[in-house]
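A.B. asks: I would like the atomic coordinates for the input below:
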Amino acid sequence: MKRLLSIDELIEHMKNKGITFDKVSESEAKIFLQKNNYYMKLASYRSNYEKCPTGRRAGQYKKLDFGYLKELSTLDMYLRYIIIDMCLDIEHAIKVKLISDITNNPAEDGYDIVRKFIAKDNNLQILKNIRNHKSGEYCKDLIEKYYPYFPVWVFVELISFGELLYFCSFYESTYGVQIVNGMLMNTVRDVRNASAHSNCLLNKMTEKIDSTKQVNSEISNFIAGMKDISKTSRVNNLSYKFTNSFITLLYVYDCLMPEKSKQKRYIEIQKFINERAKQHSDFFISNSKIVGVYKFHKKVVDNLVERA
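C.D. replies: Below you'll find the model as predicted:
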């Protein structure tokens with residue numbers, strides 16, 4: 001078991017790892033670690049940097065300053081906010097699409113599909129989850145009025161995003177329709193949950209997806225239709241875990257959202273890429289991995305803005 005280090009000891013530990021304090025002073029770094037972020041999370045962004053393989057500095061990081069880690073953690077925070085907003089939009093769009101399909105389904109009354117779905121859940125865990133929300137102010141009235149016989153337009157307001165996807169899958173298999181692409185939505189759910197729980201997204205930008213998995217053809221074709229993105233760039237970048245997840249999110253958003261919503265959101269992302277993400281571009285100019293990932297995402301978003 002590792003001993004808990006003090007802030008001063010953590011600073012020394014980073015210096016021993018080759019991390020410099022030129023862009024951010026040691027005293028500023030101490031304040032940041034005390035009030036803005038914690039070491040384990042901040043240190044995770046080191047994975048984007050290489051270590052010296054041999055020589056006097058063997059095992060130490062190359063050209064890594066504390067300021068670079070601080071900036072990456074800040075950009076990560078802004079990106080998580082964007083992703084959460086996009087996922088809220090997607091969740092709403094799925095509910096609208098699902099309820100519309102059920103409303104136009106002559107075999108459904110809006111209650112029967114919910115009853116069958118809950119009956120399928122052998123331990124009634126979903127009803128238990130809903131009942132646990134009864135103490136909250138926002139869903140209390142709905143739960144008291146309808147529990148346990150919910151119409152679908154109430155039910156979807158009371159279940160989690162993961163349960164919503166599960167419900168969509170059940171409805172799809174019951175009636176042979178498609179509301180969402182379940183495989184792609186699993187990726188959206190994962191990146192949504194990571195963002196909602198403030199997990200790091202940019203700490204391993206060039207980490208590859210599992211070698212046993214292939215890039216989804218819909219996602220590959222989505223990028224293939226964009227200008228100024230070569231096949232080599234597309235194949236390489238979509239093999240990175242984070243890039244694959246974020247592009248999947250963009251694709252699902254593009255499929256589900258109305259044109260005005262897409263245009264507004266894409267312009268927002270473009271502004272983040274062109275302005276805030278470039279605010280300290282000099283920090284990363286020598287890191288070809290980070291620069292390459294940045295350029296690819298910029299091209300994708302520029303294409304989406306131009307097309308919207």
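A.B. asks: helices along the stretch 51-200 of the chain, start to end?
C.D. replies: 66-103, 112-120, 125-132, 140-146, 152-155, 161-175, 182-196 (DSSP state H, counting those that start in this stretch).
A.B. asks: tell me which stretches of the stretch 201-308 of the chain form helices.
C.D. replies: Taking DSSP H, counting those that start in this stretch as the test, the helices found in the stretch 201-308 of the chain are 217-224, 231-238, 241-256, 259-274, 288-307.
A.B. asks: tabulate the ones you listed (a markdown table), appending distance to Q60 and mean pLDDT.
C.D. replies: Yep, even glycine has a C-beta here, placed from its N, CA and C like the rest. Converted to a markdown table, the helices of the stretch 201-308 of the chain look like this (distance: least, CB to CB, whole Å; pLDDT from 0 to 100):
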| stretch | distance to Q60 | mean pLDDT |
| --- | --- | --- |
| helix 217-224 | 37 | 97 |
| helix 231-238 | 28 | 97 |
| helix 241-256 | 26 | 98 |
| helix 259-274 | 31 | 97 |
| helix 288-307 | 18 | 97 |
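A.B. asks: how about these in a markdown table, adding mean neighbour count and distance to L64?
C.D. replies: As requested, those are exported to a markdown table (neighbours: other CB atoms under 10 Å; distance: least, CB to CB, whole Å):
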| stretch | mean neighbour count | distance to L64 |
| --- | --- | --- |
| helix 217-224 | 16 | 31 |
| helix 231-238 | 16 | 23 |
| helix 241-256 | 21 | 19 |
| helix 259-274 | 16 | 23 |
| helix 288-307 | 17 | 12 |
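A.B. asks: so for N16, which of the ones you listed sits nearest?
C.D. replies: helix 288-307 (23.7 Å; CB to CB).
A.B. asks: L256 reaches I94, doesn't it?
C.D. replies: Yes - L256 is within contact range of I94, at 6.9 Å (criterion: CB atoms under 8 Å).
A.B. asks: make JSON lines from the helices of the stretch 201-308 of the chain and add distance to G182 to it.
C.D. replies: Shown next, in JSON lines, are these (distance: least, CB to CB, whole Å):
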{"stretch": "helix 217-224", "distance to G182": "12"}
{"stretch": "helix 231-238", "distance to G182": "20"}
{"stretch": "helix 241-256", "distance to G182": "11"}
{"stretch": "helix 259-274", "distance to G182": "22"}
{"stretch": "helix 288-307", "distance to G182": "24"}
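A.B. asks: relative to R46, which of those helices is closest?
C.D. replies: helix 288-307 (12.5 Å).
A.B. asks: can you give the distance from the closest one to the centre of its chain?
C.D. replies: Offset of helix 288-307 from its chain centre (CA atoms, centre = their mean, to the nearest Å): 17 Å.
A.B. asks: what packs against it?
C.D. replies: helix 231-238, helix 241-256, helix 259-274 (3 or more CB pairs under 8 Å, 6 or more residues apart in numbering; DSSP states H and E).
A.B. asks: and those as a markdown table, adding distance to C168?
C.D. replies: Converted to a markdown table, these look like this (distance: least, CB to CB, whole Å):
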| stretch | distance to C168 |
| --- | --- |
| helix 231-238 | 25 |
| helix 241-256 | 12 |
| helix 259-274 | 20 |
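A.B. asks: N237 reaches V293, doesn't it?
C.D. replies: Yes - proximity of N237 to V293 meets the contact threshold set by CB under 8 Å, at 7.0 Å.
A.B. asks: so what sits against both of those two?
C.D. replies: T243 (CB atoms under 8 Å, 6 or more residues apart in numbering).
A.B. asks: tell me the helices and strands packed up against the worst-scoring helix or strand of the chain on mean pLDDT.
C.D. replies: Of all the helices and strands that make up the chain, helix 125-132 has the lowest average by mean pLDDT, DSSP states H and E, namely a mean of 88. The contact analysis (3+ CB pairs under 8 Å, 6+ apart) places helix 125-132 against helix 112-120.
A.B. asks: ignoring the adjacent residues along the chain, who's closest to the residue most central in space within the chain?
C.D. replies: Residue closest to the mean C-alpha point of the chain, counted by CA atoms, centre = their mean, is V191 at 3.0 Å. Nearest residue to V191, sequence neighbours excluded (CB to CB, 6 or more residues apart in numbering): S245, at 4.5 Å.
A.B. asks: pretty sure K116 is touching T174, no?
C.D. replies: Yes - here K116 reaches T174: they are 7.2 Å apart, a contact under CB under 8 Å.
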